[in-house]
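Undergrad: Fold the following for me, if possible:
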Amino acid sequence: YNGKNIDRAFNFQDGLARVMNEDGLFGFVDKTGKMVIEPQYDYIRYNFRYGKAIVYKPQEGGHDIWADQDWAVIDREGNELFASNTGKMNPVSHFGPNDVMIVSTGYGMKFKTINSKGEKVAMLDIDDIWGAFDDGIVYYAGDLDNRKMGIMDLEGNVIIEPQYEDTT
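TA: Predicted coordinates:
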């Protein structure tokens, strides 16, 4: 594509598949094989889901997605909806159908939910996240020696108080 080999292709999700060219840059193709978003990202953190993907922008000196690297939320046409930096916020989940995702803030274990414009929806009073789903969060409360799991919605409202040691 444009004189570059496509070295890897991944599964389709939400109608698009990420591809990686010989330079290690990622883009997206549709089901006909047409490149719909040019290879330009160092990494795709979360593939398209509900019309949005979370991508890492190239940085000088190579890429380290766990360092202070800019990331963005893009739509299916490649338009940037919101951009951030991992030093300020780090994506923890993908967007659900309600246009909300979870981010950690700073380098600590503080969490909040934001919308695709980067606007805060809620601060989450939790110690850690076990997992997120479309409309809720399985979270930990308590220190490492006495952690219990509970469930809350994406607005921070507790659905089930922390009381479980494990979940399956």
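
Undergrad: remind me which residues of the protein are low pLDDT?
TA: Residue ranges of the chain with pLDDT under 70: 60-68, 85-87, 106-108, 167-168.

Undergrad: Excluding chain neighbours, what is closest to Trp130?
TA: Leaving aside its sequence neighbours, Trp130 sits nearest to Val138 (C-beta to C-beta, 6 or more residues apart in numbering; 4.3 Å). The C-beta positions use only the backbone N, C-alpha and C, and glycine is treated the same way.

Undergrad: Thought Gly131 was touching the one you found, still the case?
TA: Yes - at 4.9 Å, Val138 counts as touching Gly131 under the criterion of C-beta atoms under 8 Å.

Undergrad: Neighbour count: the two, which is higher?
TA: The neighbour comparison of Val138 against Gly131 (other C-beta atoms under 10 Å) goes to Val138, with 17 against 12.

Undergrad: That one: what's it in contact with?
TA: Neighbouring residues of Val138 by C-beta atoms under 8 Å, 6 or more residues apart in numbering: 129-132, 149-151, 167.

Undergrad: now the helices for this structure?
TA: For the chain, applying DSSP state H gives no helices.

Undergrad: Thr105 touches Ile114, doesn't it?
TA: No - here Thr105 does not reach Ile114: they are 9.8 Å apart, not a contact under C-beta under 8 Å.

Undergrad: Lys112: neighbouring residues, count only.
TA: Lys112 has 17 nearby residues by other C-beta under 10 Å.

Undergrad: quick one, what contacts the residue nearest to it when sequence neighbours are not counted?
TA: Nearest residue to Lys112, sequence neighbours excluded (C-beta to C-beta, 6+ apart): Met123, at 4.9 Å. Contacts for Met123 (C-beta under 8 Å, 6+ apart) come out as 110-112, 156.

Undergrad: Over to Asp127?
TA: By C-beta under 8 Å, 6+ apart, Asp127 lies in contact with 109, 139-143, 147.

Undergrad: Going by neighbour count, which of those residues are buried?
TA: Neighbour-count burial (16 or more other C-beta atoms under 10 Å) applied to these gives 139-141, 147.

Undergrad: Could you single out the nearest of these to Gly27?
TA: Checking those against Gly27 by C-beta to C-beta gives Tyr139 as the nearest, at 34.4 Å.

Undergrad: So for Thr105 and Ile114, which sits in the more crowded spot?
TA: Shown here are Thr105 and Ile114; by other C-beta under 10 Å, Ile114 has more neighbours (22 against 17).
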